[in-house]
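Asker: Turn this into a model:
(chains A and B)
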Amino acid sequence: MYRIAAREDLAPITKLFKVEAPEVAHKAKAGQFVIVRVDERGERIPLTIADFDHGTGEITLVFQEVGKTTKQLGTLGVGDELASLTGPLGRPTEIEKYGTVVCVGGGVGIAPIYPIARDLREAGNTVISIIGARNQGLLFWEDKMRSVSDELIVCTDDGSYARKALVTEPLKELLSSGRKVDVIWAIGPAIMMKFCALTTQPFGVKTIVSLNSIMVDGTGMCGACRVEVGGKTRFVCVDGPEFDGHQVDWNLLLERQRIYLDQEKRALELFATSQCASKEGK
Amino acid sequence: MAKIEPKRQPMPRQAPEVRCRNFNEVAQGYTMEQAVAEAQRCLQCKKPSCIEGCPVQVHIPEFILALREGDLWGAVTALKDKNNLPAICGRVCPQETQCEIKCVMGKKYEPVAIGRLERFVADWEIAQGVRTPPLPPSTGKRVAVIGAGPASLTCAGDLAKMGHQVTIFESLHAPGGVLIYGIPEFRLPKAIVRTEVNYVQSLGVEIRLNTVVGKLYTVDELLTDGYNAIFLGTGAGLPMFMNIPGENYNGVYSANEFLTRTNLMKAYLFPEYDTPIMIGRHVAVVGAGNVAMDSARCALRLGADEVHIVYRRTKAEAPARAEELENAEEEGIIFHYLTNPIEILGTDKRWVRGIRLQKQQLGEPDASGRPRPVPIPGSEYEMDVDMVIMALGTRPNPMVFTNTPDLERTKHGTVVANEIIGRTKKPRVWAGGDIVTGAATVISAMGAGKRAAADIDAYLRNPNEPWWIEPEKTN
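Answerer: Residues are numbered from 1 along each chain as shown, chains lettered A, B, ... in the order given. Here you go, the predicted model:
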């Protein structure tokens, strides 16, 4: 069950897995996510579905190694199996013909923006994409994004590749240029999505974000993922993950992402120690 | 005739000061001597009223007789004829309001400790190695059972015993439903749940984990995919909140989240297990049901200095079992009756720092028949806490109804069903347990699963019309 069929290292800490999950692949739509457990003692973490293939029955997951669980996930290779994979969860992206849309992907958020851009283009939209990362090493899928976009703008925070800029800069220029933009999607770290939403708000262009809150079950059972949107409590797992970025209480989301910071640090240290020990053992 | 022993055998339990810091089972079970001595107290009534009190009609006097005659396998057979999950029921059923309240002994003395005897017999069987009963030939009929909690496990087990081919679809990575995510280890060890689930699987029931019906398949897809009948036993899994200011601060948990992290994900063993949980020093639990007691006692075991129960009515109206209230009191949980939160106070970083409470007085009865709590103006005060757990009850999860508009529901989100036989308004779909009644007990869910299994069996053998029968016209 849930065998890893392919692995690609997109960047030093960004990994791609193709996982065998035929039924999930069959039902998956752009914008949805799965909940994954690495092993029997593992926590349940949400990962956005970056792609799916009905033919091979595989889904593509892209993740950045930031904590214990994602680092452990990064030690797996082709032939290894995940302890569990549940999905597809969350509401799919509402794909329609809107006219001209902008798809912004920041860092690891480039992966989930890809199927959305692809499906929006297939639906007849003019797709302008903006992708960015902290540096060249963290950037990936430029070609894939180009293939599904009418225009592609690439930038890095430090200027090590393409234009030196945060994704919000070309986004603002685009909107200021007077070009008619109907809807914007922005996916990436919460802080990036927050600033994208703040950038687009004065222009009054609907901006959809995909929130990455902490989850447990992913089916509406626990409420760990709750956020406030338009002053109302919403569950990211069942009401989202996509919401109107102009309505999200970003500071609450950012604080709620920090609940387990101390425990995460401790788990990571223990994991690093155990990895060193097992390497020495070899 | 031997002299009647007025008092029941006491249950050996961990001392409160010891157990409040560990997750081991509180009640440790009778010894063989105690069990036989307690079994001697049963009067073996010709017309036993205890059975009437049992939602699944266990042959109570029969299993107790076999036990006291030393025929333990006979006791097991009598018990499991009606109950697929006796080790669970023996631990979590509210026997004091069901079978034991009907016990004739109780009129003058203490009633026979039926629940403790049930647990003893079930645990004895587990120690010997659970035996699978002979199964009838297959009927060739397939039934999909949605959810793997008490209603579903019971329904699936009974259907398998009738010769049907049953597949359970469970959304989590472990079967058991509330038995595994909700009820804590110290009240219901997870090894016991696994054993009972293994028994149901040994009857030929297939369990498909990580499978969310409503997402991966819809109910209609299962019906067209070759399942002859569907039983919905997905329970009431959605948490409720109060909609008061501050409820989304860090440190406010739903009881569902707090218990799921603790029990299903084993956060009490962090970092040996990966799932973290906040350790509150001063914890307020809002509500006074069994889930509130479980949450409070888990918080204590995780290392809290003080745990407070905040409840808007009085002890007399508290929905928790008397035994659970007593356990919590013994362990030092502090109770604030006639008290209701009106705001959660936070730091500038939005972490919980306190809770604002208001005193209540009891007024006229409300729709539930219980006296309505009425706020006392000017009685507001603050309590310093760093964690708040909302244990206010739960509602059914609507996910299972995705794209199935013909499954009629009530305004409370429960599914409309004939509660006697479990039929919903949608042909070939049955439902039972909390999804129909709203949050109730494990045993009432099991009773519903059992009755639905009987009706599914009858229907599959002889599809009878009309499909919908009003409950009062049900035989």
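Asker: give me the number of residues near B:Glu408?
Answerer: Residues lying near B:Glu408 (other C-beta atoms under 10 Å in any protein chain shown) number 12. The C-beta positions use only the backbone N, C-alpha and C, and glycine is treated the same way.
Asker: same question, B:Ala440
Answerer: Neighbour count for B:Ala440, taken as other C-beta under 10 Å: 15.
Asker: In a helix, it, correct?
Answerer: No. B:Ala440: not assigned to a helix; according to DSSP: H, G, I helix; E, B strand; the rest coil it is coil.
Asker: That one and chain A, how far apart?
Answerer: With distances taken as C-beta to the nearest C-beta, to the nearest Å, B:Ala440 is found 18 Å from chain A.
Asker: Enumerate every residue touching the residue lying closest to A:Arg41 once chain neighbours are set aside.
Answerer: In space, and not counting its chain neighbours, A:Arg41 is closest to B:Tyr273: 4.6 Å by C-beta to C-beta, 6 or more residues apart in numbering or on different chains. By C-beta atoms under 8 Å, 6 or more residues apart in numbering or on different chains, the contact set of B:Tyr273 is A:41, A:43, B:265-267.
Asker: cool, B:Val92 as well?
Answerer: Residues near B:Val92 by C-beta under 8 Å, 6+ apart: B:179, B:183, B:187-188, B:441-443.
Asker: Can I take it that the residue nearest to A:Arg41 is in a helix?
Answerer: No. B:Tyr273 is assigned coil when assessed by three-state DSSP, not a helix.
Asker: pLDDT wise, what is it at?
Answerer: Predicted confidence (pLDDT) for B:Tyr273: 95.
Asker: What does it show for phi and psi?
Answerer: The phi/psi pair for B:Tyr273 (degrees, to the nearest 10) reads phi -100, psi 150.
Asker: ok, it to B:Thr262 distance?
Answerer: 10 Å (C-beta to C-beta, to the nearest Å).
Asker: okay, the contacts of B:Tyr273 in CSV with pLDDT, secondary structure and distance to B:Ile114 next?
Answerer: Output for these, formatted as CSV (pLDDT from 0 to 100; DSSP: H, G, I helix; E, B strand; the rest coil; distance: C-beta to C-beta, whole Å):
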residue, pLDDT, secondary structure, distance to B:Ile114
A:Arg41, 95, coil, 38
A:Glu43, 96, coil, 40
B:Met265, 97, coil, 34
B:Lys266, 96, coil, 32
B:Ala267, 96, helix, 35
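Asker: top of those by neighbour count?
Answerer: B:Met265 leads these on contacts (other C-beta under 10 Å) with 26 neighbours.
Asker: how about that one, what does it touch?
Answerer: B:Met265 makes contacts with A:43-44, A:216, B:273, B:275, as judged by C-beta under 8 Å, 6+ apart.
Asker: cool, and B:Leu85?
Answerer: B:Leu85 is in contact with B:150, B:153-154, B:157, B:196, B:446, counting by C-beta under 8 Å, 6+ apart.
Asker: Confirm A:Ala30 sits in a strand?
Answerer: No. If the criterion is three-state DSSP, then A:Ala30 is coil and not within a strand.
Asker: so it touches A:Arg91, yeah?
Answerer: No. If you go by C-beta atoms under 8 Å, A:Ala30 and A:Arg91 don't touch, sitting 10.9 Å apart.
Asker: Looking at those two, which is more packed in?
Answerer: Just comparing A:Ala30 and A:Arg91: by other C-beta under 10 Å the higher neighbour count belongs to A:Ala30, 23 against 14.
Asker: Look up the closest residue to the more buried one, ignoring the ones flanking it.
Answerer: Closest to A:Ala30 by C-beta to C-beta, 6+ apart is A:Pro115, at 3.9 Å.
Asker: Quick one: list the elements packing against whatever helix or strand the one you found lives in.
Answerer: For A:Pro115, the host element (DSSP states H and E) is helix A:110-122. Applying 3 or more C-beta pairs under 8 Å, 6 or more residues apart in numbering or on different chains; DSSP states H and E, we find helix A:110-122 packed against strand A:45-53, strand A:58-64, strand A:100-106, strand A:126-133, helix A:142-147, strand A:183-187.
Asker: Pull out the buried positions in that helix.
Answerer: Residues of helix A:110-122 classed as buried: A:110-121 (neighbour count, 16 or more other C-beta atoms under 10 Å in any protein chain shown).
Asker: Tell me which two of those sit farthest apart.
Answerer: A:Ala111 and A:Arg121 (16.8 Å; C-beta to C-beta).
Asker: What count of nearby residues applies to B:Gly163?
Answerer: By other C-beta under 10 Å, the residues close to B:Gly163 number 17.
Asker: ok, the residue most central in space within chain A to chain B distance?
Answerer: Central residue of chain A (C-alpha atoms, centre = their mean): A:Gly109, 4.0 Å from the mean position. The gap separating A:Gly109 from chain B is 23 Å, by C-beta to the nearest C-beta.
Asker: Tell me the one of the contacts of B:Leu85 nearest A:Asp9?
Answerer: Nearest to A:Asp9 among the contacts of B:Leu85: B:Leu153, at 43.8 Å, using C-beta to C-beta.
Asker: The helix or strand hosting the closest one - contacts with which helices or strands?
Answerer: Assigned by DSSP H and E, B:Leu153 belongs to helix B:150-161. When contacts are defined as 3+ C-beta pairs under 8 Å, 6+ apart, helix B:150-161 packs onto strand B:142-146, strand B:165-169, helix B:190-202, strand B:229-232, helix B:442-461.
Asker: Just put the ones you listed in a markdown table and tack on distance to B:Ala15 and mean neighbour count.
Answerer: Converted to a markdown table, the helices and strands packed on helix B:150-161 look like this (distance: least, C-beta to C-beta, whole Å; neighbours: other C-beta atoms under 10 Å in any protein chain shown):
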| stretch | distance to B:Ala15 | mean neighbour count |
| --- | --- | --- |
| strand B:142-146 | 41 | 26 |
| strand B:165-169 | 39 | 23 |
| helix B:190-202 | 22 | 19 |
| strand B:229-232 | 43 | 28 |
| helix B:442-461 | 27 | 24 |
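Asker: Buried residues, the helix or strand of chain A with the lowest mean pLDDT. List them.
Answerer: Using mean pLDDT, DSSP states H and E, the weakest-scoring helix or strand in chain A turns out to be helix A:261-281, at a mean of 85. Under the neighbour-count criterion of 16+ other C-beta under 10 Å, helix A:261-281 has A:263-264, A:267-268, A:271 buried.
Asker: Keep only those that also lie close to chain B.
Answerer: The subset of these within reach of chain B, by C-beta under 8 Å from any C-beta of the partner chain, is A:263-264, A:267.
Asker: so which of those residues comes closest to chain B?
Answerer: In terms of C-beta to the nearest C-beta, no member of those lies closer to chain B than A:Gln263, at 3.6 Å.
Asker: Not counting sequence-adjacent ones, nearest residue to the closest one?
Answerer: Distances taken as C-beta to C-beta, 6+ apart place B:Pro276 nearest to A:Gln263, at 3.6 Å, with adjacent residues excluded.
Asker: for that neighbour, helix, strand, or coil?
Answerer: Going by three-state DSSP: B:Pro276 is coil.
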